[in-house]
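J.: the following block contains a protein sequence and its predicted model.
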Amino acid sequence: MLRKFFLSIIFGFIFLNAFILIGVRVFLNLNEIPIYDYRLIYDFIFSNNEISQYSNLSELLGYDKNDKLLIIHADDLGLSNSVNKASFDALTNKYINSASVMMPAPYSNEVANYFKENQDIDLGLHLTFTSEWKDYKWHGISHEDSISSLIDSKGNFYEKKKDIIKNSNPKDIRKELQAQIDQAMFIGIKPTHLDSHEGVLFFSPEFFKIYLELSKKNKLPVFIPKLLAPHFNNDFPQPKNLVVAKMHMADKNMSFENWPKYYDSILNNLDSGLNEMIVHLGYDNDEMKKITSNRIAFGSKWRNLDYNVISSPEFKASIIKNNIKLVTWKEIKEILYP
């Protein structure tokens, strides 16, 4: 009798865990989050580990440890002329104080030209391994024969994150990542930091490790969201010089009507320490409508709404009202790699 009781508890526990993991797998698939390592999935759900912040970061930046620090960061520079124009305007008018460029994208040279005239801006590299728009494609900086696992049958980066995670090998990721850094420097960009387009480098422990290794090699800080703690373990201990930011970004399930309210809520409820608000800017014009016609998320209207919010007097007033201190990756780089 007692044996049956314990067996029922054991089988019940196994069934419950299997049910949770299957549910999580469905959730990840629906939200296009390509994590296929069930150990990693389990750790993301149940781990209580946190990534330790770089010691005394707020104080080293000249602020109190309880101050609310914010980087307002625009992704995807280089994607199109529309994205560039909106982002350049936001940088020039200080609506944002940081941005990053996609080196494989068609308009990255425009960004280099803007940087040559504005070398004080905080400009990083948006390391790119996907080409997500249906009829608007790009490929790697490296020759396709040397990074064949990253390239689809048409010679472009894969459209879906899941395909790059499943098909690519770490050697090709390392080669292309370094090639994008080298290309940026070759055309005159002096990057202040690294981050990851569509978060591709966050979903695989091997890719994440390469991301950190090459950031150290090139003496560039990397954007790391707090939720990535499960990547670190006894075999892969956390480096001491990591800078961790709490990420804030519009969700694809948000209603366009709630855009201003969403951003105002972020500013009104910002935590102390380092935060990064990620926006995607562009104008809702014919160019962007054509490029982004296959989906609404991060599309033409989305980008124009982001621009309208961060350029509004209300947004600026909320930053002042909430006593938020604006900081940049450039300042952080000077601390980590003086």
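T.: Ah, there it is. Numbers count the residues shown, from 1 in each chain.
J.: am I right that H126 sits in a strand?
T.: Yes - counting by DSSP: H, G, I helix; E, B strand; the rest coil, H126 is part of a strand.
J.: burial measure for it, as a count.
T.: By the criterion of other C-beta atoms under 10 Å, H126 has 29 neighbours. Glycine gets a C-beta too; all of them are placed from N, C-alpha and C.
J.: tell me the contacts of it?
T.: Residues in contact with H126, defined by C-beta atoms under 8 Å, 6 or more residues apart in numbering, are D75, D76, L77, G78, S100, V101, M102, D195, S196, H197.
J.: go again with 7 Å.
T.: The contact partners of H126, by C-beta atoms under 7 Å, 6 or more residues apart in numbering, come to D75, D76, S100, V101, M102, D195, H197.
J.: also E276?
T.: Contacts of E276 (C-beta under 7 Å, 6+ apart): I71, H73, F223, A245, M247, H248.
J.: which SSE is D75 in?
T.: According to DSSP states H and E, D75 maps onto strand 68-77.
J.: quick one, whichever helix or strand comes after that strand and strand 68-77 angle?
T.: Using DSSP H and E, the helix or strand that follows strand 68-77 in sequence is helix 81-92. Angle of helix 81-92 versus strand 68-77, following axes from the mean of the first three to the mean of the last three C-alpha atoms, to 10 degrees, is 150 degrees.
J.: after helix 81-92, next one along is what?
T.: Counting by DSSP H and E, what follows helix 81-92 is strand 98-101.
J.: what strands line up against that next one, and which way round?
T.: In the sheet containing strand 98-101, its partner strands are strand 68-77 (parallel), strand 123-127 (parallel), by DSSP bridges.
J.: of these, flag the one that's most buried.
T.: Highest mean neighbour count among those (mean count of other C-beta atoms under 10 Å): strand 123-127, with a mean of 28.
J.: can you report how many residues neighbour M247?
T.: Number of residues near M247 (other C-beta under 10 Å) recorded here: 16.
J.: that one and A105, how far apart?
T.: Distance of M247 to A105, computed by C-beta to C-beta, to the nearest Å: 22 Å.
J.: one step back: what sits up against the strand holding D75?
T.: 58, 61, 63, 83-84, 87, 90, 96-102, 111, 126, 245, 270-281, 310, 322-329.
J.: same question for it, mean pLDDT?
T.: Strand 68-77 shows a mean pLDDT of 98.
J.: just how off-centre is that strand within its chain?
T.: Chain-centre distance of strand 68-77: 10 Å, with C-alpha atoms, centre = their mean, to the nearest Å.
J.: re earlier: most widely separated two among the contacts of E276?
T.: Farthest pair in those (C-beta to C-beta) is F223 and H248. Separation: 12.5 Å.
J.: and these two? Which one has more around it.
T.: When neighbours are counted by other C-beta under 10 Å, F223 comes out ahead of the other of F223 and H248, with 25 against 21.
J.: surely the more buried one is in contact with H193?
T.: Yes - look at F223 against H193 with C-beta atoms under 7 Å: they come within range, at 6.4 Å.
J.: pretty sure N66 sits against G273.
T.: No - N66 lies out of contact with G273 (C-beta under 7 Å); the separation is 8.4 Å.
J.: who's more crowded, the two?
T.: Just comparing N66 and G273: by other C-beta under 10 Å the higher neighbour count belongs to G273, 18 against 9.
J.: give the bridge partners for the nearest residue to A99 once chain neighbours are set aside, please.
T.: In this structure, A99 finds its nearest non-sequential neighbour in A74, 4.2 Å apart by C-beta to C-beta, 6 or more residues apart in numbering. For A74, the beta-bridge assignment (DSSP bridges) gives partners A99, V279.
J.: quick one: the helices in the protein?
T.: Using DSSP state H, the helices assigned to the chain run over residues 2-30, 38-46, 57-60, 81-92, 108-117, 161-167, 170-186, 205-217, 259-268, 286-291, 300-310, 313-321, 329-336.
J.: buried ones in the fourth one, by neighbour count?
T.: Pointing back at helix 81-92 there. Within helix 81-92, the residues scored as buried using 16 or more other C-beta atoms under 10 Å are S82, V83, N84, K85, A86, S87, F88, A90, L91.
J.: what's the spacing between that helix and its chain's center?
T.: In terms of C-alpha atoms, centre = their mean, the centre of helix 81-92 is found 19 Å from the chain centre.
J.: with just CA atoms, put that helix into PDB.
T.: This file holds the C-alpha atoms of helix 81-92, laid out as PDB (Å, rounded to 0.1, in the frame of the first residue of the first chain):
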ATOM      1  CA  ASN A  81      16.800  54.900 -45.200                       C
ATOM      2  CA  SER A  82      13.600  55.500 -43.200                       C
ATOM      3  CA  VAL A  83      15.000  53.800 -40.100                       C
ATOM      4  CA  ASN A  84      18.200  55.800 -40.500                       C
ATOM      5  CA  LYS A  85      16.500  59.200 -41.000                       C
ATOM      6  CA  ALA A  86      14.300  58.700 -37.900                       C
ATOM      7  CA  SER A  87      17.100  57.500 -35.800                       C
ATOM      8  CA  PHE A  88      19.500  60.200 -36.900                       C
ATOM      9  CA  ASP A  89      16.900  62.800 -36.100                       C
ATOM     10  CA  ALA A  90      16.300  61.200 -32.600                       C
ATOM     11  CA  LEU A  91      20.100  61.200 -31.900                       C
ATOM     12  CA  THR A  92      20.600  64.800 -33.100                       C
END
